[in-house]
Structure formats: structure tokens, C-alpha cells
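J.: what follows is a predicted protein model with its sequence.
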Amino acid sequence: MKINLNNYLRSVWSSTCYESAEITEFAHQKSIDEARKGLGAMSILIIAILLIEATLYIKFGLDPIYLYTCAILVVLSLNILFSARAIRDPQALHLLGVTLLVISGTAFVLLAHYQQVFHPMLFASVVLLFMVVPIMPWGLREALVVTLPIYAMFTLSTMGGQIYFADQSVWTLQFIMIGTGVISLSLVARNVRLRKHDLITQHDLVVAHDRIADLSNRDPLTGAWNRRYFDADFEDYLKRCHDNLHQIQFMLIDVDDFKVINDNAGHESGDKILQFVARVFEGLIADNGCVVRMGGDEFAVIFSDLDPKVIAKRGLKILRQLTQDHSCEEVVNVHFSIGVASVPPEIEISYRQLYKQADMALYKAKTEKGSDLAMPNIVVSVLSDPDDIFISTQELWLVPKAGGGVSLEPVKRSGKG
């Protein structure tokens, strides 16, 4: 029973701390919104209570000091209500709530001492002060910081001033404060449990949704992103690269004679090659881009601020090492063709134009591969003239070298298409 009680108290002690740092971070923004709404509701409720009390003070013809006290507390509540809009820390918002209630309680104590009597309206004020505590979405710790000082102030002031207050008033006040305090703390603890359970459930749902979305955007065989992801997010990636002045590299990789490999070595060997391609190039570009399986044996590798020639040659070298131990000659001697479209950061280009240019570079690499299979088939088409975008679906921006090397020379044209 002791262990269960300790676990329970630990779970309700703070409304902003969770067992997992990931859930704590997830709940942070929601905690701010809830704390701001709770503080606003509590401020408005206290203002309403004070205005009603002020009306009754006037009706009963009490000392104007009661009205002055209500006016000061209304101003304080309004100030906290508007200040809460600019605060983005849930603990700071909780502290404002503590400040409002403690100052209100102190004002009622001073008012009772000044009048040397506990008016029935003061009893009502104490009850309502304790009852508004659960409105704030704080934990048991903050609720105790509110209720204990208020209880201590009233208790010490009345016990030390019994010459002013009748025993009946003192003990009635004790009963009211203890009863309402226990009820308020119980409600706070219950609310914390419910709120935390709700946030944990929301976090789990978000994680599950993200996992499902990730699976729907992944190729099940290679783990690379699929065409659906590419079509949905690539335009945004282009915009981010342009805004951040990053050089865009769009690389298309195709496995040469892939059908022959599947026919002679089996589909399992073909699948293994595809997995190698995804794994190798994901490792090479790391967080600088992504690898997408466009379909069949074709992959797109999109990245920024890396040399495409270096990435391509390193990737082909690693792939050759991974296939050396295979028993099938077609797998050992597997070759790849690579076409790259490279765009400087200051030039805007559409997804369709960039993809088409890389596809033409890939086609050029495949058609110009020579008898020397050791030479990688890589064609890089670099955009140097912004006007060339308009003909990017018709011809390469740069003419590749003979023999399948990297393109260096600009296309010679009679005019702009």
C-alpha cells in the first residue's frame, strides 16, 4: 500500500513532469495553453466574486475599506489576466496563479484584523478562495503552495488575535478551511491524473499516426522512401533548398540489365542489390537529403551541398565491394548508370523540370556506356544559365564527355528554345 501511495503522489506531484522526456516535451505546449486558460478562468471568476461581494458590501452599508480591498484585488486579477497572454512557461503561469490566491488570502486576513471581526462575507470569501484552486491545471505541489500559506495565515492570525475573534468564529473558520482545502487538493490530484493520462494517450496516438504515415511512405523492400513520399514532399524540399541557398543535386540511379540478374541469379539476389543501393546511398548522404525508390530498379538520391561525382563514385565503389562474394557472375559484375541534374541555389526550378533533366542524363549514361565496364556510367548535367530551365525537358544543359564520363562542356545551340 505504501508503494502504491508513493507512486500515486509522484504521479500527481507535478503537472508538467512525465516519466519520459519525449512525453514531457510533447506536453509542454499543451501545458502552456491549459495553464493560460486555467489562469484566465480563475482570474475572471475571482473578479466576478469580488464584484458580487462589493455589491453586497454596499447593500449592507459596510466600511468602505471592504470596497477598497475588492477594487485592489480586481485590478490585480485584471493585470494577471492580461499578463498571462505573453507568458510561454507553464511554471511561470502557475506562479502567477499562486501569487493571485496568496495575495487575496492575505488581503482578507488584514481586512479581518482591521475590522477586528469576521464578517460572514469573509467566511464566504475564504471558502470561495479554496474552491477556485482546482481551476488551475497545476499539480499537487503548486496546490499545496497555495492552500498551506493561506491556511497558515488565517490560523496564525486568528490564534494570535483571540481577543478580537470569538472561539466559535475561529473554529468555524478552521473547519471551513480544512474541509474546502482537502476537497480542493483531492480535485487537483484527480485532475492531474486525468490530464496526464489524456496527454499520454494523445502522444501515443501521434506517435502511432507518424509511424503509420512513415510506413505508408516507405518502400517495404529497401526501406527507402517511395514515390508517394517523393511526389508529396519534393516541391517543399526544393523550396527549402532555394530559401537556404543550398545547391540542389538530383541523382537517378539505374541497375544495368536488372532483368538479366533476376533471371539468372534469382529475384532474391535482385532484391539484395536493391537493398544495397538504398543502404549505401542513405549512408553517404546522411541528413543532407533522402533516397527514394522511384520504381523497379530506379532510385532517386536527392541531396544538397555535396559533390555528386564524389557521392556517385563512392557509392559505386561500396556497391562493388558488397557484391564481390556472390556466387553469380551477373551479381558480381553488376553495373549501374547514374544521371545527375545539378542546380545552383540562386535558380528556382520545378520538380518536373529537374526530374526530367536527371532522367535525360540517366538515359545519356545508359546509351553511351562503352565496352569498358569498369568505367562508371555517370552523367552530370549542371544548370549554369537560368534561361536553360525552359528547355530542360528537351536536351541536357551540358554535353557529357564521350565514353560516359562526367559532363563538362556547355551545350552548343543556335538559339534558345
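T.: Everything's here; your move. Residues are numbered from 1 along each chain as shown.
J.: mind giving me the packing neighbours of the longest helix belonging to the chain?
T.: The helix that spans the most residues within the chain, counting by DSSP state H, is helix 167-216. Using 3 or more Cβ pairs under 8 Å, 6 or more residues apart in numbering; DSSP states H and E, the elements in contact with helix 167-216 are helix 2-13, helix 21-60, helix 120-131, helix 140-159. Backbone N, C-alpha and C define where each C-beta goes, glycine included.
J.: try it again with 10 Å
T.: Judged by 3 or more Cβ pairs under 10 Å, 6 or more residues apart in numbering; DSSP states H and E, the packing partners of helix 167-216 are helix 2-13, helix 21-60, helix 90-115, helix 120-131, helix 140-159, helix 227-243.
J.: can you pull the contacts of the residue nearest to residue 31 when sequence neighbours are not counted?
T.: Nearest residue to residue 31 in three dimensions, chain neighbours excluded: residue 90, at 4.2 Å (Cβ to Cβ, 6 or more residues apart in numbering). Applying Cβ atoms under 10 Å, 6 or more residues apart in numbering, one finds that residue 90 lies in contact with 15-16, 27-36, 38-39, 137-138.
J.: make it 6 Å
T.: 16, 31-32, 35 (Cβ atoms under 6 Å, 6 or more residues apart in numbering).
J.: which two of the residues you listed have the greatest separation?
T.: 16 and 32 (9.5 Å; Cβ to Cβ).
J.: care to break this protein down by domain?
T.: Here the domain parsing of the chain from automatic domain parsing is 2-210, 227-410.
J.: now those as CSV including mean pLDDT and distance to residue 219?
T.: Shown next, in CSV, are the domains of the chain (pLDDT from 0 to 100; distance: least, Cβ to Cβ, whole Å):
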stretch, mean pLDDT, distance to residue 219
domain 2-210, 86, 18
domain 227-410, 83, 4
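J.: what about residue 345, distance to residue 50?
T.: 61 Å (Cβ to Cβ, to the nearest Å).
J.: if we can go back for a sec, quick one: the longest helix of the chain to helix 21-60, angle?
T.: Interaxial angle, helix 167-216 versus helix 21-60 (axes from the mean of the first three to the mean of the last three Cα atoms, to 10 degrees): 150 degrees.
J.: and the angle from helix 167-216 to helix 120-131?
T.: 30 degrees.
J.: what about helix 167-216, distance to the chain center?
T.: Remark: helix 167-216 is offset 24 Å from the chain centroid, using Cα atoms, centre = their mean, to the nearest Å.
J.: same question for stretch 320-340.
T.: On Cα atoms, centre = their mean, the centre of stretch 320-340 falls 41 Å from that of its chain.
J.: stretch 101-116 now?
T.: 45 Å.
J.: swap in stretch 54-68?
T.: 51 Å.
J.: pull the residues that contact it.
T.: Here stretch 54-68 has contacts from residue 70, using Cβ under 6 Å, 6+ apart.
J.: give me that answer again for 7 Å
T.: With Cβ atoms under 7 Å, 6 or more residues apart in numbering as the test, stretch 54-68 has contacts from 70, 111, 114-115, 121.
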